[in-house]
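Student: here is a sequence with its predicted model. Questions after.
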Amino acid sequence: MKEQTVIVDYKAGNLTSVRLAFDALGAETLVTSDPEAVRAAARVVFPGVGAAASAMANLRALGLVEAVREAAVAKPFLGICLGMQILFEHSEEDGGVDLLGVLPGRVRRFPTVPGCKVPEIGWNQVKGLSVEGVPDGSEFYFVHSYYAEKGPCTAGVTEYAGVEFTAAVRRGRLFATQFHPEKSGRLGLAVLKGFLSC
C-alpha cells in the first residue's frame with residue numbers, strides 16, 4: 001500500500017491542480033480539512049492561493065493550526081505559495097497578520113516600481129535551488145503580491161521589483177516554495193517528485 005500524501009484543504013488552496021500534479025506522479029493523495037488525517041499522513045502538502053488573514057482565520061476555524069504546525073516539524077511537508085508564506089511569523093498583508101511562526105521571518109509587500117506590476121504573474125529564474133533533476137537557474141511560475149524576506153531557511157532566491165527574495169525554504173524535512181510547482185511544467189513535477197522521495 002502506498003503512503004498517503006494529505007493535501008490540506010483550508011479553503012485557500014489551488015487544490016485541483018495540486019492534486020492532479022501528484023496524481024500524474026502516481027502518488028496516493030487525500031484532500032481533507034480533518035486535523036486527524038493531517039496527523040496520520042505520511043506526507044503533508046500545504047497549498048494556498050488567497051489572502052493571509054482569511055487563510056489564518058480558516059485554519060483556526062477548522063482546528064488545523066496545531067496539526068499543521070506539528071506536521072511541519074515532524075514529517076515531510078511541502079508548502080506552496082501562500083502555504084509557504086503562512087509558515088513565517090508575520091505578514092504585512094491585510095494590515096498585518098500573525099502567521100504560524102514555524103519559520104523565522106516576515107512577509108512583505110512588493111514596493112511600487114515603474115514597469116513592475118503587482119501582483120507579479122509570470123516566470124522567474126530561481127537560483128540556489130538544490131533539487132535533483134532541476135538545473136540551477138531554472139524558471140518557475142509565480143503569482144503573488146507579497147514575498148518572504150531572505151533568512152536562515154532560504155533555499156532558493158529570485159528577484160522582482162528590485163527585491164531579491166526567498167523563492168524556496170528548507171528546514172529538516174520541510175520544503176516550501178513561493179512559486180507554483182504544479183503550474184511549472186516538467187521542472188515543477190521534478191520538484192514534487194523530489195518531495196515524494198523524502
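Tutor: Received the coordinates, thanks. Keep in mind that this is a model prediction, so the values were computed, not measured.
Student: C-alpha from now on. contacts and neighbour counts both.
Tutor: Fine.
Student: any idea how far Leu99 is from the closest residue to Leu100 other than its chain neighbours?
Tutor: Nearest residue to Leu100 in three dimensions, chain neighbours excluded: Leu87, at 5.3 Å (C-alpha to C-alpha, 6 or more residues apart in numbering). According to C-alpha to C-alpha, to the nearest Å, Leu87 stands 7 Å off from Leu99.
Student: the more surrounded of these two?
Tutor: The neighbour comparison of Leu87 against Leu99 (other C-alpha atoms under 10 Å) goes to Leu87, with 24 against 21.
Student: are we agreed that that one is in a helix?
Tutor: No: in this structure, Leu87 is coil, not part of a helix, as judged by DSSP: H, G, I helix; E, B strand; the rest coil.
Student: just list the residues touching it, thanks.
Tutor: Contact partners of Leu87, counting by C-alpha atoms under 8 Å, 6 or more residues apart in numbering, are 99-103.
Student: quick one: contacts for the residue lying farthest from the centre of the chain?
Tutor: Most distant residue from the mean C-alpha position of the chain: Pro114, 27.9 Å away (C-alpha atoms, centre = their mean). Contacts here follow C-alpha under 8 Å, 6+ apart; on that basis Pro114 touches nothing.
Student: average pLDDT for the longest strand belonging to the chain?
Tutor: Under DSSP state E, the strand in the chain containing the largest number of residues is strand 163-171. The pLDDT scores in strand 163-171 average 98.
Student: go on, stretch 93-101?
Tutor: 96.
Student: just the buried residues of that stretch, please?
Tutor: 93, 97-100 (16 or more other C-alpha atoms under 10 Å).
Student: would you say Val18 is within a helix?
Tutor: Yes: the assignment for Val18 is a helix, going by three-state DSSP.
Student: thought Glu182 was touching it, still the case?
Tutor: Yes: using C-alpha atoms under 8 Å, Val18 is in contact with Glu182, at 5.5 Å.
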